[in-house]
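Visitor: Task: produce atomic coordinates for the following.
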Amino acid sequence: MTQGHRPRRSALYLPASNQRAIDKARTLDADVVILDLEDAVAPDRKAEARAAAVAAVREGGYGARELVVRVNAPDTEWGIDDLAALADSGVSAVLLPKVSDAATLTVARHALGAGPALWAMIETCRAIVDLPAIGTAAAATGLSTFVVGGNDLAKEMRCRPGPDRAPLLPILTQIVLVARMHGLIALDGVINILDDAAAVEAECRQGLAWGFDGKTLIHPSQIAPANHVFTPSPEEVAWAETVVAAFDLPEHHGKGAIRVDGKMVERLHLDEARRTLAIIAAVRARN
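Guide: As a prediction, the model looks like this:
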């Protein structure tokens, strides 16, 4: 399964300083578990949280869940030590906060060696301006994923996004666009609402419409809506199966475009159909 076909419908942040949360994560239905050493951890507990995160990674038990650790930024007093501790830990990826330039990726890759993939939080104004350069550095630095940091970005911009997130929509489009240019995964930012499943689902659907692969979350109650929205629907799966079957017919061998159920379908639709089937197969295997 390529990284683009691995389900990342739901990526749940959990504080690495909370052992109970670390243990609970092994039972949750999130596709990705992000153990957080940054925002969720007080300065006097950073070293303790780092040790707990490394221990959790080495202990394992997360099954098919992808395990990621969000470190402190490399230019903080904890960042380089976080990266060094995770270099040979076996973690799937390291999430870097406040990536504003390609140089930050280079510093992190040097500290990690040839170890885990890099994920980048896009949450500063400078990051948006320098996004093409950050994307271009992906191949050399092992960057695989953009993660939207909407709260920090809105704060820096001094904008006031409502339920429609209108001030951020052009930026969300740019993040997805650059991600696709470089073959990266793009995960939407968190929603701060906890007790309204309909609101969570609505923002997930907005992210899906904008082209995101999944959504980052801050509470286990948000997992089910995210998984529901970012799982291909039965109708989408049926259409994907129809498209793949049609292109597999001997009479369509080598053709760039064919007629399927009264619609003109091209090979770009075949590629998307195969991606849909790979994702639903992985979801079914997990379940």
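Visitor: Which helix runs longest in this structure?
Guide: Counting by DSSP state H, the longest helix found in the chain is helix 267-286.
Visitor: which helices and strands sit right next to that one?
Guide: helix 234-248 (3 or more C-beta pairs under 8 Å, 6 or more residues apart in numbering; DSSP states H and E). No exception for glycine: its C-beta is placed from N, CA and C like everyone else's.
Visitor: Tell me the buried residues in the helix it packs on?
Guide: Glu236, Val237, Trp239, Ala240, Val243, Ala246, Phe247 (16 or more other C-beta atoms under 10 Å).
Visitor: Check stretch 175-188 too.
Guide: Judged by neighbour count (16+ other C-beta under 10 Å), stretch 175-188 contains these buried residues: Ile175, Val176, Val178, Ala179, His182, Leu184, Ile185, Ala186, Leu187, Asp188.
Visitor: Okay, now it: how far is its last residue from its first?
Guide: 9 Å (C-alpha to C-alpha, to the nearest Å).
Visitor: Quick one: distance of it to the chain centre.
Guide: 10 Å (C-alpha atoms, centre = their mean, to the nearest Å).
Visitor: what do you get for stretch 25-34?
Guide: On C-alpha atoms, centre = their mean, the centre of stretch 25-34 falls 13 Å from the chain's centre.
Visitor: and that stretch, what's its mean pLDDT?
Guide: For stretch 25-34, mean pLDDT is 96.
Visitor: please renumber so the chain begins at 40
Guide: Noted, 40 is the first residue going forward, which turns the last one into stretch 64-73.
Visitor: for it, which positions count as buried?
Guide: Applying 16+ other C-beta under 10 Å to stretch 64-73 flags Ala64, Leu67, Ala69, Asp70, Val71, Val72, Ile73 as buried.
Visitor: And for stretch 229-247?
Guide: Residues of stretch 229-247 classed as buried by neighbour count (16+ other C-beta under 10 Å): Val229, Ile230, Ile232, Ala238, Val239, Glu240, Ala241, Glu242, Cys243, Gln245, Gly246, Leu247.
Visitor: Now it - C-alpha only, CSV.
Guide: Extracted in CSV, the C-alpha atoms of stretch 229-247 (Å, rounded to 0.1, in the frame of the first residue of the first chain):
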residue,chain,number,x,y,z
VAL,A,229,-8.7,20.6,14.2
ILE,A,230,-12.1,21.7,15.1
ASN,A,231,-12.5,23.0,18.6
ILE,A,232,-16.1,21.9,19.0
LEU,A,233,-16.5,18.8,21.2
ASP,A,234,-20.1,18.3,21.9
ASP,A,235,-21.7,18.7,18.5
ALA,A,236,-21.1,15.7,16.2
ALA,A,237,-23.1,17.4,13.4
ALA,A,238,-20.7,20.4,13.4
VAL,A,239,-17.7,18.1,13.4
GLU,A,240,-19.1,16.2,10.5
ALA,A,241,-19.9,19.4,8.6
GLU,A,242,-16.3,20.6,8.9
CYS,A,243,-15.0,17.2,7.9
ARG,A,244,-17.2,17.3,4.8
GLN,A,245,-15.8,20.8,4.0
GLY,A,246,-12.3,19.4,4.3
LEU,A,247,-13.2,16.4,2.0
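Visitor: what residues does it touch?
Guide: 52, 189-190, 202-204, 211, 227, 253-258, 260-261, 263-265, 267-269 (C-beta atoms under 8 Å, 6 or more residues apart in numbering).
Visitor: Just the ones in strands from these, please.
Guide: Counting by DSSP state E, those place Tyr52, Asp227, Gly253, Lys254, Thr255, Leu256 in strands.
Visitor: now, among those residues, which is nearest to Tyr101?
Guide: Nearest to Tyr101 among the ones in strands among the contacts of stretch 229-247, counting by C-beta to C-beta, is Tyr52 at 14.8 Å.
Visitor: so what's the closest one bridging to?
Guide: Counting by DSSP bridges, Tyr52 is bridged to Ile73.
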